[in-house]
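# Quick one: sequence and predicted model below, then my questions.
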Amino acid sequence: MKILPTISSLSALLFFLCACSSNPRATDIATTAYKDFLPGKLLLDNNSRHVNAHGAGFIYSGGKYYMFGEHKLSGRIGNKSLVGVHCYSSKDLYNWKDEGIALPMSRDPKSEMLVGAVVERPKVVYNAKTGKYVMWGHLEHRKGPKAKSLNPEDISREYPSYSTARTFVAVADKVTGPYKFIKSFRPNAKKYPLGEEKSLREARDRLLSENIKLEEASVKKLPPDNTFARDFEKGQMARDMTVFVDDDPEATAYLICASEDNATLHIHELTPDYLDFTGRFKRVFKGGFHEAPAVFKRGNLYYMFTSHCTGWRPNAGRSAVSNSMFGEWRELGNPFRGDGEKTTPFAQKSAPDTSFRSQSTYVIPVQGKKGAFIYVGDRWNPDDAMDGRYIFLPVEWEGDKPFIRWRNKWDLKVFDKTSN
Ligand code: GAL
């Protein structure tokens with residue numbers, strides 16, 4: 001079995017970028033047949049290449065699961081988006097077929113999706129009213145004097161400041177794409193969140209009357225309400241994000257994102273076509289610094305897994321529950337429990353306080369198994385981005401409280417044994 005060879009030189013990288021800007025289609029020949037999940041191990045696709053879909057989202061469509069994630073290259077430059085959003089399909093969640101690049105990066109200097117920008121955490125949902133597949137993600141524009149350059153050395157030298165903090169939307173007729181980039185947003189400019197109009201209006205008026213230069217302020221100096229006020233005119237920040245579609249008759253969708261310099265999470269309702277914001281949104285965990293949201297629903301309760309904010313370094317996971325998306329989210333603590341991997345050199349680090357060396361990205365509802373959910377997290381490897389691993393683990397329950405235990409190897413039969 002082989003994995004994609006390491007691309008060491010920048011000229012080879014440029015060649016690779018050209019090769020990848022079309023939409024490569026994989027063959028149907030499966031060389032690996034997995035019967036289990038092997039968290040943290042290489043996950044080989046039908047071409048025996050490590051699945052390249054980091055910060056992934058999942059959708060079930062036409063009898064198959066689809067996984068969409070950040071295609072990364074090797075080395076540190078691989079943390080930039082040089083290729084695009086990669087799509088894979090699977091009938092069983094163990095074996096993944098390469099479906100190619102669903103949303104490619106562009107080489108047009110005018111494009112927001114110019115190679116070297118940063119596209120993270122893509123999530124795809126289906127809109128039954130329009131018959132379209134809709135992809136949302138986090139976008140960081142390239143910045144600086146060489147921001148239009150296609151020279152890999154220039155791209156390599158840029159350090160994303162994460163100050164763009166926009167979310168983008170793209171649309172496709174087929175689940176695998178190609179997705180057409182529509183626009184990027186700072187959500188809900190000039191709008192106040194549910195239940196806070198009066199207090200936030202007053203906070204903003206006070207700052208304006210005191211003539212405080214909000215643009216120069218950082219969250220470290222500003223309490224969360226002032227950070228909200230700072231971004232009121234141009235729209236609220238949107239970094240780590242996910243999309244959740246409710247099971248109400250309207251299939252209402254929400255974009256949940258880290259905002260206000262990551263201090264506060266925002267839950268934004270999407271329009272019925274899922275392409276825009278309705279203006280209804282809520283701030284949650286104010287000043288709590290939550291990232292990496294992953295939302296799921298069990299019975300009548302809504303759950304959210306998040307992380308703390310420590311960049312690529314893993315930290316202790318967080319969980320919360322609410323009666324509705326716009327309800328009161330109550331924190332339930334770190335859902336990771338027990339020992340991590342005992343048999344690897346990373347034993348000490350793969351513990352609950354590092355979420356078993358992962359950061360949440362999605363929770364997959366297992367089809368045909370009511371109440372069965374799979375936690376999916378990224379084990380980032382920022383020094384060799386493409387080598388990042390995936391942690392799939394079953395969500396277990398203690399009453400209404402979810403928890404996650406480490407397993408070296410497991411399969412879907414686990415859901416027949418646990419009471420969900
Ligand atoms: C993490 C975030 C990732 C990525 C990374 C960059 O906190 O969850 O999606 O943005 O920071 O440092």
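It's in.
# For residue 377, give me its contacts.
Counting by Cβ atoms under 8 Å, 6 or more residues apart in numbering, residue 377 makes contact with 355, 356, 358, 359, 360, 361, 390, 391, 393. All C-beta spots, glycine's among them, are computed from the backbone N, C-alpha and C.
# Give the helix, strand or coil label for the closest residue to the ligand within the chain.
Relative to the ligand, the nearest point of the chain is residue 311 (3.8 Å; Cβ to the nearest ligand atom). Of the three states, residue 311 takes coil under DSSP: H, G, I helix; E, B strand; the rest coil.
# pLDDT wise, what is it at?
In the predicted model, residue 311 carries a pLDDT score of 96.
# was I right about residue 405 contacting residue 335?
No - using Cβ atoms under 8 Å, residue 405 is not in contact with residue 335, being 9.7 Å away.
# Between these two, which is the more surrounded one?
Higher neighbour count among residue 405 and residue 335: residue 335, with 23 against 17, using other Cβ atoms under 10 Å.
# Which parts of the stretch 101-250 of the chain are helices?
Remark: helices assigned in the stretch 101-250 of the chain by DSSP state H, counting those that start in this stretch are 152-157, 197-209, 224-230.
# which of those sits most buried?
helix 224-230 (a mean of 23; mean count of other Cβ atoms under 10 Å).
# counting contacts, what elements does that helix pack onto?
The helices and strands touching helix 224-230, judged by 3 or more Cβ pairs under 8 Å, 6 or more residues apart in numbering; DSSP states H and E, are helix 197-209, strand 264-270.
# Near the ligand, which residues of the stretch 251-400 of the chain? Just list them.
The stretch 251-400 of the chain comes close to the ligand at residues 291, 292, 309, 311, 312, 359, as judged by Cβ under 6 Å from any ligand atom.
# If any of the residues you listed are buried, put those into a ChimeraX selection.
In ChimeraX, a selection of the buried entries from those looks like this (16 or more other Cβ atoms under 10 Å):
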select :291,292,309,359
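# Need the residue closest to the centroid of this structure.
residue 121 (2.7 Å; Cα atoms, centre = their mean).
# separation between residue 271 and residue 99?
28 Å (Cβ to Cβ, to the nearest Å).
# got it, and residue 196?
42 Å.
# before we move on, the earlier item: restricted to strands, list the contacts of residue 377.
Of the contacts of residue 377, the ones assigned to strands by DSSP state E are 359, 360, 361, 390, 391, 393.
# any chance of those in TSV, plus pLDDT?
Output for the ones in strands among the contacts of residue 377, formatted as TSV (pLDDT from 0 to 100):
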residue	pLDDT
359	98
360	98
361	98
390	98
391	98
393	98
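# What parts of the stretch 1-150 of the chain come near the ligand?
Taking Cβ under 6 Å from any ligand atom as the criterion, the stretch 1-150 of the chain approaches the ligand at residues 55, 120, 121.
# need the contact list for the closest residue to the last one other than its chain neighbours.
The shortest distance from residue 121 to any residue other than its chain neighbours is 4.1 Å, reached at residue 55 (Cβ to Cβ, 6 or more residues apart in numbering). Contact criterion Cβ under 8 Å, 6+ apart gives 69, 70, 120, 121, 122, 361, 378 as the residues in contact with residue 55.
# mind redoing it with 10 Å?
By Cβ atoms under 10 Å, 6 or more residues apart in numbering, residue 55 lies in contact with 68-70, 72, 85, 119-123, 137-138, 240-242, 292, 359, 361-362, 376, 378, 380, 388.
# Select only the buried ones of the residues you listed in PyMOL?
Selecting only the buried entries of those in PyMOL, with 16+ other Cβ under 10 Å as the criterion:
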select buried, resi 68+69+70+72+85+119+120+121+122+123+137+138+240+241+242+292+359+361+362+376+378+380+388
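# The contacts of residue 55 in strands, which ones?
Among the contacts of residue 55, the members found in strands (DSSP E) are 68-70, 85, 119-123, 137-138, 241-242, 292, 359, 361-362, 376, 378.
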